[in-house]
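**Q** Quick one: sequence and predicted model below, then my questions.
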Amino acid sequence: MKKSIYVPDIECDSCSRLITKKLGTKEGIKSIKIHEDAVEVDIDETKIKDAEIVSAIRDLGFRASTEPFDRKTIRERLRDYKENSSKYAIEKKIISYTAGMLILLLALQAAAYFTFLNTIPGFLVKYWQWILYLDITVAVIITGVWHVTAYRTKVTCMVGMMIGMTLGMQTGMMLGAVLGATNGFFIGALAGMILGVAVGATTGNCCGIMGIMEGMMAGVMGGTMGAMISVMMFSDHLEIFMPIYMIINIAITWGLSYMTYEELVENKKGVVKKPKDFTTLAAYAIIASFILLAIMIYGPKSGLVSF
Amino acid sequence: METAIKISGMHCRSCEMLIKDALEETKGVTNAEVDRKKGEARIEHEGLSITLLKKVINNEGYSTP
């Protein structure tokens, strides 16, 4: 009788050989077939029970069960990340790319400050934290988009909608809040909404119209809502709110990368990896950041904000 | 006596176990410890030649530089 034993930790040819070798010594097993995350055995049930096979595989140090395993817990994922770091080559770059882009943007802006922006009176005092938040937003969003678009594969509607919604919403929320604080509701909502919709629709496009719609709606919502947060909170400890707000938004964006890996990449066949290089990303980041910076400094400002 | 042999091509715990098993099944080997992080095997044996021990590891599909 054919039975499937789920063994999610099979990683290489050695694992298959080890399991085959160990099971081969047992009586009552007629054939063994090793799959990516399961072992299929044809057994004579009068001679051996599947529970014995499960425990034999467990003795070798693998997880094994007659029932399929759930997704990895965060702890298991961290262990896997440490032990099989080659699986996460693209994911590892997320933090280094974000940091690299941030440093690059800050360096270019420092150069811009010393060439012409320092003629604006009180520039640094007014703008320093908002420029920092703007750069963080640009770097985090661009690496987030870079990560989901690094993989070409079939995307289910549920995953595509999550991708479009998260990136559309985060773009709108973060940019809307930053520009809302420096320029007021009109520019904050407009820029947050337009860019949120654009990012949401482009990334949601991976699963078709459902993702596009979800991304656009999230962009409208995030952009207007982000700007509203800043404008309404301007005279109520916005400086304390912003760092917490940014950290949470970064965590959400990185959470999406985690989800993308788990849902789209791990254990999936036919995933094509085509990540763009850092130079391309940095070029996008510089263009985006300088256009937004120009809007921030020279764009119209509402009477509500004290800039 | 104890011999240490460098092994390349191990990438998981299964590799360690396969090599350990193969060595311990060899006549004259009393104990074998394989460490993939160090990339080596420490073998306690009754005076076998290094060439023979390397051959056992090679037969499992791993190279011994």
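**A** Yes, it's here.
**Q** drop to CA atoms for contacts and neighbour counts, all remaining ones
**A** OK.
**Q** Just the pLDDT at residue A:268, thanks.
**A** We note a pLDDT of 67 for residue A:268 in this prediction.
**Q** Please enumerate the helices of chain B.
**A** Ranges of helices within chain B are B:13-25, B:50-59, based on DSSP state H.
**Q** which other helices and strands contact the first one?
**A** I take that to be helix B:13-25. On a contact count with 3 or more Cα pairs under 8 Å, 6 or more residues apart in numbering or on different chains; DSSP states H and E, helix B:13-25 meets helix A:13-24, strand B:29-35, helix B:50-59.
**Q** Kindly calculate the angle that the first one makes with helix B:13-25.
**A** Our comparison of helix A:13-24 with helix B:13-25, counting by axes from the mean of the first three to the mean of the last three Cα atoms, to 10 degrees, yields an angle of 50 degrees.
**Q** could you check whether whatever helix or strand comes next after helix A:13-24 is close to chain B?
**A** Beyond helix A:13-24 in the direction of the C-terminus, DSSP states H and E gives the next helix or strand as strand A:29-34. No - Strand A:29-34 does not reach chain B (Cα under 8 Å from any Cα of the partner chain); its nearest approach is 14.4 Å.
**Q** Report the next helix or strand after strand A:29-34 in sequence order.
**A** Remark: after strand A:29-34, the chain's next helix or strand is strand A:38-43, criterion DSSP H and E.
**Q** after that following strand, next one along is what?
**A** Following strand A:38-43 in sequence order, the next helix or strand is helix A:50-59 (DSSP H and E).
**Q** what mean pLDDT does that next one have?
**A** Helix A:50-59 shows a mean pLDDT of 86.
**Q** After that helix, which helix or strand is next?
**A** With secondary structure assigned by DSSP H and E, helix A:50-59 is succeeded by helix A:74-83.
**Q** Output the below-cut-off pLDDT ranges for chain A.
**A** Chain A contains residues with pLDDT under 70 at A:70, A:267-269, A:303-307.
**Q** Residue numbers of it in contact with chain B?
**A** By the rule Cα under 8 Å from any Cα, the part of chain A lying against chain B is A:12, A:14, A:15, A:18.
**Q** Which of those residues sits closest to residue A:289?
**A** Nearest to residue A:289 out of the residues of chain A next to chain B is residue A:12 (Cα to Cα; 43.9 Å).
**Q** hey, where'd the strands end up in the stretch 201-307 of chain A?
**A** Taking DSSP state E, counting those that start in this stretch to define them, one finds strands in the stretch 201-307 of chain A at A:272-273.
**Q** tilt between the worst-scoring helix or strand of chain B on mean pLDDT and helix B:50-59?
**A** Sorting the helices and strands of chain B by mean pLDDT, DSSP states H and E puts helix B:13-25 at the bottom, at a mean of 88. Using the same axes, to 10 degrees, the direction of helix B:13-25 lies 140 degrees away from that of helix B:50-59.
**Q** Could you list the residues of chain B in contact with chain A?
**A** Counting by Cα under 8 Å from any Cα, the residues of chain B close to chain A are B:12, B:14, B:15, B:17, B:18.
**Q** roughly how far apart are the fourth one and residue A:168?
**A** For residue B:17, the distance to residue A:168 equals 48 Å [Cα to Cα, to the nearest Å].
**Q** Quick test: name the residue nearest the centre of the chain.
**A** Using chain A. Nearest to the centroid of the C-alpha atoms of chain A, with distances taken as Cα atoms, centre = their mean, sits residue A:257, at 2.0 Å.
**Q** you looked at the wrong chain, it should be chain B
**A** Geometric middle of chain B (Cα atoms, centre = their mean) lands on residue B:41, at 4.7 Å.
**Q** Give me the spatial nearest neighbour of that residue, chain neighbours excluded.
**A** Residue nearest to residue B:41 in three dimensions, not counting chain neighbours: residue B:34, with 4.3 Å by Cα to Cα, 6 or more residues apart in numbering or on different chains.
**Q** ok, so what distance separates the one you found from residue A:132?
**A** Distance, residue B:34 to residue A:132, by Cα to Cα: 50 Å.
**Q** In terms of neighbours, single out the busier of the two.
**A** Legend: neighbour count by other Cα atoms under 10 Å in any protein chain shown for residue B:34 and residue A:132, higher for residue B:34 (25 against 15).
**Q** what residues are up against residue A:216?
**A** A:164, A:165, A:168, A:196, A:197, A:198, A:200, A:201 (Cα atoms under 8 Å, 6 or more residues apart in numbering or on different chains).
**Q** Can you pull the phi and psi angles for the closest residue to residue A:302 other than its chain neighbours?
**A** Leaving aside its chain neighbours, residue A:302 sits nearest to residue A:184 (5.0 Å; criterion: Cα to Cα, 6+ apart). Residue A:184 has phi and psi values of phi 100, psi -180 when expressed as degrees, to the nearest 10.
**Q** hmm, back to that, packed most tightly, which of the helices of chain B would that be?
**A** Ranked by mean neighbour count under mean count of other Cα atoms under 10 Å in any protein chain shown, the helices of chain B are led by helix B:13-25, which reaches a mean of 20.
**Q** Now do that helix and strand B:29-35, the angle between them.
**A** Using the same axes, to 10 degrees, helix B:13-25 lies at 170 degrees relative to strand B:29-35.
**Q** chain center to helix B:13-25, what's the gap?
**A** 7 Å (Cα atoms, centre = their mean, to the nearest Å).
**Q** same check, this time on stretch A:196-203
**A** With Cα atoms, centre = their mean as the basis, the mean position of stretch A:196-203 lies at 15 Å from the chain mean.
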